[in-house]
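Trainee: Have a look at this prediction, sequence included:
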Amino acid sequence: MKLGVNIDHVATLRNARGGVEPNVLEAGFICDKLNVAEITIHLREDRRHIKDEDVYALKKQAKTPINLEMATTEEIQKIALDVVPHSVCLVPEKRQEVTTEGGLDIAGQKEKLRKFIKPLQEKGIIVSLFIDPDEAQVRASAEIGADYVELHTGSFSEAKGEEVEVEFEKLKNAAELAQTLGLKVNAGHGLNYQNVHYMHKIKGIDELNIGHSIISRAVFVGLETAIAEMKSLIE
Ligand code: PXP
């Protein structure tokens, strides 16, 4: 399995003071140095962390491929088509949410999303859909021609006691079905140093996108060490 590092919260900290520190480009250099698979950034509609100029600067400077998380809006699609990141991950977005809540509903908007992803794929951008580990969503993702699904591990990560296995089974079944239907599989949200080992028990996951736990640990041990530790747990 590969590691994609989500550096949104470097920008969250920077924006708290409105200056340039900590610099997201420095985070990008550390990702380059540690050979992570992708630098993941979410250009939210409200620009609460990553800003447009971060996307352009990272695309220009980072050797690591950029994975742009984005809502399915025309405004952000235009930016994605201009920047041409290595991949995009389509996510649902609500203004008031603290972080991405729940997966994108593919099954309920197949035609809209089929049209939405077409120009992105025509530019050579890999399209991933962030979905709950649900059979209908996996099937709909395959039907509209996505390249990847990113399975939402939030419910698994928050589960306690017996629920952990229940949520884990959902991820395992969804990952199996996705691969049967020709989709590649990533996973992410809420994964941390304690629970990430579960992902090894699911066959065929290509990449884990992890942000909050890495940046939190980086506050105490530094970003390089925090990434290296996570990398050694998943590779
Ligand atoms: N994958 C997606 C699609 C996300 O929206 C997020 C959160 O931005 C992550 C992965 C990373 O989640 P976390 O910060 O909880 O590791």
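Mentor: Looks like it came in fine.
Trainee: so who does the residue positioned nearest the centre of the chain touch?
Mentor: The centre of the chain sits closest to N209, judged by C-alpha atoms, centre = their mean, with a distance of 4.8 Å. Residues in contact with N209 (C-beta atoms under 8 Å, 6 or more residues apart in numbering) are 4-6, 38, 40, 67, 89, 150, 186-189. C-beta: built from backbone N, CA, C; applies to glycine.
Trainee: Can you pull up the residues of the protein that come close to the ligand?
Mentor: When proximity is defined by C-beta under 6 Å from any ligand atom, the chain lies next to the ligand at 6, 8, 42, 69, 89, 91, 99-100, 130, 150, 188-191, 209-213.
Trainee: What's the ChimeraX syntax to select whichever of those are buried?
Mentor: Buried residues within the residues of the chain next to the ligand, by 16 or more other C-beta atoms under 10 Å, are selected in ChimeraX with:
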select :6,8,42,69,89,91,100,130,150,188,189,190,191,209,210,211,212,213
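Trainee: among the contacts of N209, which are in strands?
Mentor: Under the assignment DSSP state E, these contribute 4-6, 38, 40, 67, 89, 150, 186-188 to strands.
Trainee: is it possible to export these to JSON lines including pLDDT?
Mentor: Converted to JSON lines, the ones in strands among the contacts of N209 look like this (pLDDT from 0 to 100):
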{"residue": "G4", "pLDDT": "98"}
{"residue": "V5", "pLDDT": "98"}
{"residue": "N6", "pLDDT": "98"}
{"residue": "E38", "pLDDT": "98"}
{"residue": "T40", "pLDDT": "98"}
{"residue": "N67", "pLDDT": "98"}
{"residue": "C89", "pLDDT": "98"}
{"residue": "E150", "pLDDT": "98"}
{"residue": "N186", "pLDDT": "98"}
{"residue": "A187", "pLDDT": "98"}
{"residue": "G188", "pLDDT": "98"}
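Trainee: all strands for the chain, in order.
Mentor: Secondary structure of the chain (DSSP E): strands located at 2-6, 38-42, 66-70, 87-90, 126-131, 148-152, 184-188, 205-210.
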